[in-house]
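Q: my questions are about this predicted structure, shown below with the sequence.
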Amino acid sequence: DAGITQSPRHKVTETGTPVTLRCHQTENHRYMYWYRQDPGHGLRLIHYSYGVKDTDKGEVSDGYSVSRSKTEDFLLTLESATSSQTSVYFCATRGQGSEKLFFGSGTQLSVL
Amino acid sequence: AQKVTQAQTEISVVEKEDVTLDCVYETRDTTYYLFWYKQPPSGELVFLIRRNSFDEQNEISGRYSWNFQKSTSSFNFTITASQVVDSAVYFCALSEAGNTGNQFYFGTGTSLTVIP
């Protein structure tokens, strides 16, 4: 399996505070993704990246921004966290020419 | 419109029973990929299978089998002789080759409980 590390694994924060989640991969995969998982909604794409400094929005991108300054790191930022952003966040990667997604272990974020 | 539909939200079976998880997809692409992922109670997402749109041959892997039918846009997953360790949430997913970055669309998942 791809070496994907998400940090932190758990975070509790207050409404209105900024939060950054980090995804680090050691497989040199080109594509990286951020998903959120909520009951009844499955996995929904927030943002994805198809290369260093190349990112695009997914279906639930409002309130989130991302950055990818290095191949191995993909950061997800909540500029001002809201309770609706309480969720489990998964990072995923995919190699060039591969159709298989590899997932990190997830980050449980609670916004109080 | 939902690109991947898993109509079964929750299923409970008694151990050793067979169970089929349904997945219906929607796409206009001629080249696409279908996947099943398993999420056990520990929370990680485990890849089970990938199928491309040109390969309709059914696949069997131990107690798992997959039935891909383009005519009905379905990619169903059967577990034979279920075991307690099969208890998990199962996600079906679609990837369309025409999209930049190959966005993956996931169904809402089916929660399977196998009762000992």
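A: That came through fine. Source: prediction; values computed, not measured.
Q: quick one: the strands in chain B?
A: For chain B, the strands defined by DSSP state E cover B:4-5, B:10-14, B:19-21, B:24-25, B:32-39, B:46-52, B:59-61, B:64-69, B:74-79, B:88-96, B:104-106, B:110-115.
Q: again with chain A
A: Assignment of strands within chain A using DSSP E yields the ranges A:4-7, A:10-13, A:19-25, A:31-38, A:42-51, A:54-57, A:64-70, A:73-78, A:87-94, A:102-103, A:107-111.
Q: what helices or strands is the first one leaning on?
A: Put plainly, it is strand A:4-7. strand A:19-25, strand A:87-94 (3 or more Cβ pairs under 8 Å, 6 or more residues apart in numbering or on different chains; DSSP states H and E). The way it works is simple: take the backbone N, C-alpha and C, and place the C-beta from them, glycine included.
Q: and B:Leu21, how many neighbours?
A: For B:Leu21, the count of nearby residues is 22 (other Cβ atoms under 10 Å in any protein chain shown).
Q: now do the contacts for it.
A: When contacts are counted by Cβ atoms under 8 Å, 6 or more residues apart in numbering or on different chains, B:Leu21 is found next to B:Gln6, B:Gln8, B:Ile11, B:Asn76, B:Phe77, B:Thr78, B:Ile79, B:Tyr90, B:Cys92, B:Thr110, B:Leu112.
Q: of the residues you listed, which is the most crowded?
A: Counting by other Cβ under 10 Å, top hit in these: B:Cys92 with 28 neighbours.
Q: once you drop chain neighbours, what's closest to that one?
A: Sequence neighbours aside, B:Cys23 is the residue nearest to B:Cys92 in space, at 3.5 Å (criterion: Cβ to Cβ, 6 or more residues apart in numbering or on different chains).
Q: relative to A:Tyr48, how far out is that neighbour?
A: Between B:Cys23 and A:Tyr48 the distance is 22 Å, computed by Cβ to Cβ, to the nearest Å.
Q: which bits of chain A sit near chain B?
A: Contact residues of chain A with respect to chain B, defined by Cβ under 8 Å from any Cβ of the partner chain, are listed as A:31, A:33, A:35, A:40-45, A:48-50, A:56, A:58, A:88, A:90, A:92, A:94, A:99-103, A:105-106.
Q: so where's the chain uncertain?
A: Went with chain A since none was named. Low-confidence segments of chain A (pLDDT under 70): A:1-2.
Q: was after chain B, sorry
A: Within chain B, the segments meeting pLDDT under 70 span B:1, B:98-102.
Q: out of the helices and strands packed on strand A:4-7, deepest packed?
A: Greatest average neighbour count among the helices and strands packed on strand A:4-7 goes to strand A:87-94 (a mean of 23), per mean count of other Cβ atoms under 10 Å in any protein chain shown.
Q: report the angle between the axes of it and strand A:64-70?
A: Here strand A:87-94 runs at 30 degrees with respect to strand A:64-70, directions being taken by axes from the mean of the first three to the mean of the last three Cα atoms, to 10 degrees.
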